[in-house]
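no sequence for this one, just the structure:
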């Protein structure tokens, strides 16, 4: 059963240094507030997992929280590179970063197999791809029934998965609306799942075939309005395109980046204070 607690308490209770942590959300509902809290609590040596690493992982990598990244595609969408990711891989700042790169299809299948309690995922993929040459975790096996050669990758089974959603009820059941990525699979694959939400309600009023994560699959629900910014939350607020553009020059320079997280993340008590500071300066 999910506990309804603060994000600070959830991260303190469930995330330990050295854990494998997945922060998932596709296009919208990206759990930015949770990434900030991991930095505030100075979590270290994390193996980060995400299908499309973007600003949340640029932050965590640049802050020195990560030792490894398991991913498929990474960038500042619509803008360019993740400069903190590149600096860690190419120059080892602020510490070396091991990378394990996959295709989107392989990552999605790895979550599904993890949620199913299986050790690896099998898919038709990587035929003609060079990824297998640089990622020894990609293997090829023969189907015992047809003889067809298929790709195999290890399951993803995070210690903790964090997602953002629109609503939870007071029992801890969670409703996700709009574009879905692999939030459900990532939640079910994890030992613990933390969900930040825009609001907590008496009744989810979930439409037919909506994605509802039951309370028994979730460790903690945390009320964090606006917790997906600068991504959007369907039905609540739009994507802040200017923030993505503004991030590029901030992240390019080590000193500028460090000063930014010291002021806006380490220098604020929580995401609400962060938003108030940013919004106050933008008026």
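Right, received. Where do you want to start? These numbers come from a predicted model, not from an experiment.

what residue ranges in the chain score low on pLDDT?
Applying pLDDT under 70 to the chain flags the ranges 281-283.

which residues of it fall in helices?
Under the criterion DSSP state H, the chain contains helices at 7-14, 32-40, 55-62, 83-91, 104-115, 131-134, 183-189, 241-252, 254-264, 271-281.

And those helices: which comes nearest residue 153?
helix 104-115 (4.8 Å; Cβ to Cβ). Any C-beta I mention is one placed from the backbone N, CA and C, and that applies to glycine too.

From the contact counts, what lies against the closest one?
strand 120-123, strand 149-154, helix 183-189 (3 or more Cβ pairs under 8 Å, 6 or more residues apart in numbering; DSSP states H and E).

returning to that earlier point: which one, of the helices of the chain, ends up nearest to residue 161?
Short answer: helix 183-189, nearest of these by Cβ to Cβ, at 4.5 Å.

Now render the helices and strands packed on helix 104-115 as a markdown table, adding mean neighbour count and distance to residue 78.
Below are these laid out as a markdown table (neighbours: other Cβ atoms under 10 Å; distance: least, Cβ to Cβ, whole Å):
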| stretch | mean neighbour count | distance to residue 78 |
| --- | --- | --- |
| strand 120-123 | 18 | 29 |
| strand 149-154 | 19 | 28 |
| helix 183-189 | 24 | 22 |
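
what's the closest of those to residue 40?
Residue 40 lies closest, by Cβ to Cβ, to one member of those: helix 183-189, at 22.7 Å.

which residues touch the closest one?
22, 24-26, 29, 49, 108, 111-112, 114-115, 155-158, 161, 163, 165, 176, 193, 195, 211, 213, 217-218 (Cβ atoms under 8 Å, 6 or more residues apart in numbering).

What about the residues you listed, which are in strands?
The members of the contacts of helix 183-189 that map onto strands under DSSP state E are 22, 24, 49, 161, 163, 165, 176, 193, 195, 211, 213.

Check those residues and tell me the two furthest apart.
49 and 211 (19.9 Å).

Highest neighbour count among the ones in strands among the contacts of helix 183-189?
residue 161 (32 neighbours; other Cβ atoms under 10 Å).

got a list of what that residue touches?
21-24, 186-187, 189-190, 192-194.

Residue 122: which of these is nearest?
Using Cβ to Cβ, these come closest to residue 122 at residue 189, 16.1 Å.

Can you give me the neighbour number for the residue nearest to the closest one when sequence neighbours are not counted?
Spatial nearest neighbour of residue 189, chain neighbours left out: residue 114 (3.3 Å); criterion: Cβ to Cβ, 6 or more residues apart in numbering. Residues lying near residue 114 (other Cβ under 10 Å) number 25.

now swap in residue 91 and tell me
Around residue 91 there are 10 other residues, counting by other Cβ under 10 Å.

What residues does it make contact with?
Per Cβ under 8 Å, 6+ apart, neighbours of residue 91: none.

wait, doesn't residue 81 sit right on residue 87?
No. Using Cβ atoms under 8 Å, residue 81 is not in contact with residue 87, being 9.9 Å away.

of these two, who's got more company?
Legend: neighbour count by other Cβ under 10 Å for residue 81 and residue 87, higher for residue 87 (22 against 15).

Chain neighbours aside, what residue packs nearest to the more buried one?
Per Cβ to Cβ, 6+ apart, closest to residue 87 is residue 93, 4.9 Å.
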